[in-house]
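**Student:** Sharing a model that was predicted from the sequence below.
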Amino acid sequence: MPSESTGFQSALDDAKLKRVHWRIWFLSAMGVFLDGFDLFIIGVALPLIVHQMNVTKTEIGMIGAAAPLGAMVGAFTLGRFTDKLGRKAMYLFDLLFFVVFAGLSALAWNRASLLVFRFLLGIGIGADYPISSTYVSELMPKKIRGRMLSGAFSFQALGALFGAAVGLGILSIDPAPSAWRIMLAIGVIPAVLVMVMRTSVPESPRWTMEHGDSEAARAVAEQITGEKIAVQNTTPRKMIYKDLFKTNYLTQTIFVTVPWFLMDIGLYGIGIFTPTILSVMAFAGHGNLIHKDILSTQGAIFLDIFLVIGFALNIALIEKIGRIRLQLIGFGGMAIAMTVLALAGVPKGATGILTVVIFFGFALFNLSVNAGPNATTWILPTEVFPTSLRASGHGLASASGKLGAAMGIFLLPVVEQAWGLGATLAMIAVASFLGLVVTWVLGHETAGKSLEETGGSTSGSDSSSNEVTA
């Protein structure tokens, strides 16, 4: 006999896309957009901050790493609360961090205050990773779940591109060293709008069912699917955080944490400092600070386009060739790109064919990371854990990624100063190759399967029957 909640799950898995699906998807995607904007706008603002606050090489790394470190804390702690308190409550709460601390970052009066506010902003950024991804995965039909998740996460690239464009626009209109304050403050506006719009979304019916309120779960599921669903009370099997490290889920935990950690070392180390790296090259010009920042930001915008193209490829292929193959291909492309850049060395005064090679390396890296692991590492944690551990597992994976991000951001300027940029890029190439190996050994495909099949269900039942009727 089917389990008590089989029909309920099938109704969600096989539903046709409706307006409520798109609204939830868009509001989740906008959270990811804010993540991308607030994480990467610092790359455009940093040269001006360095000039105005007399920041040292070590402090550059600390300022760049503050938000990812905060994101690590936010993902780890608030991901767990998302499983305990519900998706919707945390869906609203995390945006308070964006509104308050993006604004305070723009008002920072010294290096210490900027570090603190960027760290606290990062907590909200990190929280949104498990919250938005879990929310989308639990509501989308299974045949297009990966595509919808990938589409939502692609807004990170749009946010990063928007950040670069905003930075360039502000520098063109107000070419002053203090322009970084306006750049950091801009993120408050969309954060307020998204927070207000998120008040209208329903709680995840899967989470509600998992917590024993089958009638509330049925009502929301009917609202989402347009189907009449008959459900009976469930008896959830209690699971706790440490279950992530027990035999049943340890392999999945390693599989979703280690590749994300390795990928983010390169993604954030390279992404945030792309304008700074480009500024040492001949095409960045030999003019004043503002002129060089404008030109290097223009180069970064060109390279960010490949991030968007990479996401487009991921969206097109995620359901056709699967998550695992895309992650393998992406890590392979990242390793090749970093090897090319390491051999080229990104020297000062690069001209001619060497400039083309360096741009090729950056473009291939951006294309590969977003066509593969940047999207898939965000998707897979929502699919390999049960509902009661889904946000916790994703939060742990996100936290491991942000630890890698902080390491990449902090180590890049420090290691570059000690051993040169070529050695740093070679380290990222090795990390990318290791990500490929871990994916090859531990990965298992989840495309086209229900969340209960890929992650396991923790719900028991007091009855063996259930009906779904049109």
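**Tutor:** Structure's in. What do you need?

**Student:** Would you mind pointing out the helix or strand Ala405 falls in?
**Tutor:** Applying DSSP states H and E as the criterion places Ala405 in helix 390-419.

**Student:** What lies in contact with the helix or strand following that helix?
**Tutor:** Tracing the chain C-terminally past helix 390-419 and defining elements by DSSP H and E, one meets helix 421-442 next. The contact list for helix 421-442, computed with CB atoms under 8 Å, 6 or more residues apart in numbering, reads 251, 254-255, 258-259, 262-263, 265-266, 269-270, 277, 324, 327-328, 331-332, 334-335, 338-339, 341-346, 373, 404, 408, 411-412, 415-416. Glycine gets a C-beta too; all of them are placed from N, C-alpha and C.

**Student:** One more: stretch 219-227?
**Tutor:** Here stretch 219-227 makes contact (CB under 8 Å, 6+ apart) with 8, 11-12, 15-16, 18, 20-21, 139, 202-205, 208, 228-229, 468-470.

**Student:** hmm, which of those are the buried ones?
**Tutor:** Taking 16 or more other CB atoms under 10 Å as the criterion, what is buried in the contacts of stretch 219-227 is 8, 11-12, 15, 20-21, 139, 202-205, 208, 229, 468.

**Student:** Quick check: helices, which of those are part of them?
**Tutor:** Among those, the members falling in helices are Phe8, Ala11, Leu12, Val20, His21, Leu139, Pro205, Thr208 (criterion: DSSP state H).

**Student:** any idea which of those residues is closest to Ile305?
**Tutor:** Using CB to CB, the shortest approach to Ile305 within those belongs to His21, at 28.7 Å.

**Student:** Low-confidence stretches in the stretch 251-400 of the chain?
**Tutor:** The model of the stretch 251-400 of the chain has pLDDT under 70 over residues 271-301, 345-352.

**Student:** Go again with 50.
**Tutor:** Counting by pLDDT under 50, the stretch 251-400 of the chain has low-confidence residues at 281-285.

**Student:** how about the strands in the stretch 101-250 of the chain?
**Tutor:** Taking DSSP state E, counting those that start in this stretch as the criterion, the stretch 101-250 of the chain contains strands spanning 228-230, 234-236.

**Student:** so what's Phe93 scoring on pLDDT?
**Tutor:** Looking at Phe93, its pLDDT stands at 92.

**Student:** Just list what the helix or strand it falls within packs against, helices and strands only.
**Tutor:** Here Phe93 is covered by helix 87-106, with elements defined by DSSP H and E. With contacts defined as 3 or more CB pairs under 8 Å, 6 or more residues apart in numbering; DSSP states H and E, the packing partners of helix 87-106 are helix 19-53, helix 57-85, helix 111-139, helix 180-185, helix 188-198.

**Student:** Turn those helices into a markdown table, including mean pLDDT.
**Tutor:** Supplementary listing: these in a markdown table, determined by pLDDT from 0 to 100:
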| stretch | mean pLDDT |
| --- | --- |
| helix 19-53 | 89 |
| helix 57-85 | 88 |
| helix 111-139 | 94 |
| helix 180-185 | 93 |
| helix 188-198 | 95 |
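
**Student:** Packed most tightly, which of the ones you listed would that be?
**Tutor:** When neighbours are counted by mean count of other CB atoms under 10 Å, the highest per-stretch mean among these falls to helix 111-139, a mean of 26.

**Student:** how close does Phe331 sit to Ala342?
**Tutor:** Distance of Phe331 to Ala342, computed by CB to CB, to the nearest Å: 16 Å.

**Student:** Among those two, which residue is more densely surrounded?
**Tutor:** Regarding Phe331 and Ala342, a neighbour count based on other CB atoms under 10 Å identifies Phe331 as having more, with 29 against 21.

**Student:** and the gap between the nearest residue to that one once chain neighbours are set aside and Leu262?
**Tutor:** Once flanking residues are discounted, Phe331 sits nearest to Leu436: 3.8 Å by CB to CB, 6 or more residues apart in numbering. For Leu436, the distance to Leu262 under the criterion CB to CB works out to 9 Å.

**Student:** doesn't Met338 make contact with Ile358?
**Tutor:** No. Checked against CB atoms under 8 Å, the pair Ile358 and Met338 is beyond contact range at 11.9 Å.

**Student:** From the neighbour counts alone, determine which of those two ranks first.
**Tutor:** Met338 (27 against 21).

**Student:** Let me know the helix or strand that that one is in.
**Tutor:** Assignment of secondary structure by DSSP H and E places Met338 within helix 323-344.

**Student:** Now do that helix: which elements does it pack against?
**Tutor:** helix 247-278, helix 352-371, helix 373-379, helix 421-442.

**Student:** so can I have a markdown table of the ones you listed showing distance to Arg87?
**Tutor:** As requested, the helices and strands packed on helix 323-344 are arranged in a markdown table below (distance: least, CB to CB, whole Å):
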| stretch | distance to Arg87 |
| --- | --- |
| helix 247-278 | 19 |
| helix 352-371 | 26 |
| helix 373-379 | 16 |
| helix 421-442 | 27 |
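
**Student:** Go through those and pick out the most buried.
**Tutor:** Once neighbours are counted as mean count of other CB under 10 Å, the most buried of the helices and strands packed on helix 323-344 proves to be helix 373-379, having a mean of 30.

**Student:** by contact count, what packs against that helix?
**Tutor:** In this structure, helix 373-379 packs against helix 111-139, helix 145-153, helix 247-278, helix 289-317, helix 323-344, with contacts taken as 3+ CB pairs under 8 Å, 6+ apart.

**Student:** Export those helices to JSON lines and append columns for distance to Met72.
**Tutor:** What follows is the helices and strands packed on helix 373-379, written out as JSON lines (distance: least, CB to CB, whole Å):
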{"stretch": "helix 111-139", "distance to Met72": "6"}
{"stretch": "helix 145-153", "distance to Met72": "18"}
{"stretch": "helix 247-278", "distance to Met72": "10"}
{"stretch": "helix 289-317", "distance to Met72": "22"}
{"stretch": "helix 323-344", "distance to Met72": "21"}
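
**Student:** Gly31: which of the ones you listed is closest?
**Tutor:** Nearest to Gly31 among these is helix 111-139 (4.4 Å), distances taken as CB to CB.

**Student:** related to what we said a few turns ago, tell me what angle the helix holding Ala405 forms with helix 57-85.
**Tutor:** Compare the direction of helix 390-419 with that of helix 57-85 by axes from the mean of the first three to the mean of the last three CA atoms, to 10 degrees and you get 170 degrees.

**Student:** What residues sit buried inside helix 390-419?
**Tutor:** By neighbour count, and taking 16+ other CB under 10 Å as the criterion, the buried residues in helix 390-419 are 390-413, 415-416.

**Student:** what does stretch 90-107 give?
**Tutor:** Counting neighbours by 16+ other CB under 10 Å, one finds that the buried residues in stretch 90-107 are 90-91, 93-95, 97-106.

**Student:** got the CA positions of it in PDB?
**Tutor:** Below are the C-alpha coordinates for stretch 90-107, written out as PDB (Å, rounded to 0.1, in the frame of the first residue of the first chain):
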ATOM      1  CA  MET A  90      13.300  32.800   8.000                       C
ATOM      2  CA  TYR A  91      12.500  33.900   4.500                       C
ATOM      3  CA  LEU A  92      11.500  37.200   5.900                       C
ATOM      4  CA  PHE A  93      14.000  37.500   8.800                       C
ATOM      5  CA  ASP A  94      17.100  37.100   6.700                       C
ATOM      6  CA  LEU A  95      16.300  40.200   4.600                       C
ATOM      7  CA  LEU A  96      16.500  42.400   7.700                       C
ATOM      8  CA  PHE A  97      20.200  41.800   7.600                       C
ATOM      9  CA  PHE A  98      20.400  43.100   4.000                       C
ATOM     10  CA  VAL A  99      18.400  46.200   4.700                       C
ATOM     11  CA  VAL A 100      20.100  47.200   8.000                       C
ATOM     12  CA  PHE A 101      23.700  46.200   7.400                       C
ATOM     13  CA  ALA A 102      24.100  47.200   3.700                       C
ATOM     14  CA  GLY A 103      23.000  50.700   4.800                       C
ATOM     15  CA  LEU A 104      25.400  50.700   7.700                       C
ATOM     16  CA  SER A 105      28.300  49.400   5.600                       C
ATOM     17  CA  ALA A 106      27.800  52.500   3.400                       C
ATOM     18  CA  LEU A 107      28.100  54.700   6.500                       C
END
